[in-house]
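**Q** Everything below, folded, please.
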Amino acid sequence: MALSASCGTIAKVNSTPAEEQRLRDLVRLRRVRDRIDREYAQPLDVEALARGAHMSAGHLSRQFKAAYGESPYAYLMTRRIERAMALLRRGDLSVTDVCFAVGCQSLGTFSTRFAELVGVPPSVYREQHVESAGELPSCHAKQVTRPIRNREAATEARD
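**A** Residues are numbered from 1 along each chain as shown. Okay, here's the model as predicted:
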């Protein structure tokens with residue numbers, strides 16, 4: 001049974017058992033996403049995330065992708081790359097230091113994923129953006145520099 005807030009009161013709304021399960025799954029998926037956002041630098045894997053959500057790894061992956069458009073691992077890597085971009089713009093850390101600071105265990109995997117999402121390797125990104133880091137407030141820089149996984153979809157959305 002779902003709850004609906006109206007004028008400061010909570011009223012029960014009739015729903016099917018399937019809808020109730022879907023809502024419970026969405027709450028668990030939101031908690032998984034929030035955990036990834038908070039703990040992106042920690043060693044996280046789909047099995048650990050699924051255990052925390054009381055779901056199987058396969059069910060979590062399917063449901064997460066249906067809800068957010070990407071797998072839990074892809075979402076985690078996107079968060080790590082976003083943070084890496086911010087650290088690289090600061091200019092005071094090496095690419096290797098940034099790699100480990102955001103929770104990646106392999107410099108090669110980090111560099112490959114970074115280039116895939118951002119379009120240039122992390123060393124090139126650092127060189128291109130370290131001088132301009134002070135030009136934009138961080139809140140705007142985060143929006144402008146957010147990595148886009150599916151560049152074709154982003155282009156279509158702008159048209």
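
**Q** drop to CA atoms for contacts and neighbour counts, all remaining ones
**A** Noted.

**Q** Summarise which helices and strands the helix or strand residue 78 falls within is packed against.
**A** Using DSSP states H and E, residue 78 sits within helix 72-90. Other helices and strands packing on helix 72-90, by 3 or more Cα pairs under 8 Å, 6 or more residues apart in numbering; DSSP states H and E, are helix 17-39, helix 57-68, helix 95-101, helix 107-118, helix 122-129.

**Q** at 7 Å what do you get?
**A** Here helix 72-90 touches helix 122-129, going by 3 or more Cα pairs under 7 Å, 6 or more residues apart in numbering; DSSP states H and E.

**Q** Low-confidence regions, the chain specifically.
**A** Residues of the chain meeting the criterion pLDDT under 70: 1-13, 131-159.

**Q** Show me how it divides into domains.
**A** Following automatic domain parsing, one gets these domains for the chain: 16-69, 77-158.

**Q** ok so, going back, and the helix holding residue 78 with helix 107-118, angle?
**A** Counting by axes from the mean of the first three to the mean of the last three Cα atoms, to 10 degrees, helix 72-90 lies at 90 degrees to helix 107-118.

**Q** who touches helix 72-90?
**A** Helix 72-90 is contacted from outside by 36-37, 40, 46, 61, 64, 98, 102, 114, 126, 129-130, 133, 146-147, using Cα atoms under 7 Å, 6 or more residues apart in numbering.

**Q** roughly how far is it from the heart of the chain?
**A** 8 Å (Cα atoms, centre = their mean, to the nearest Å).
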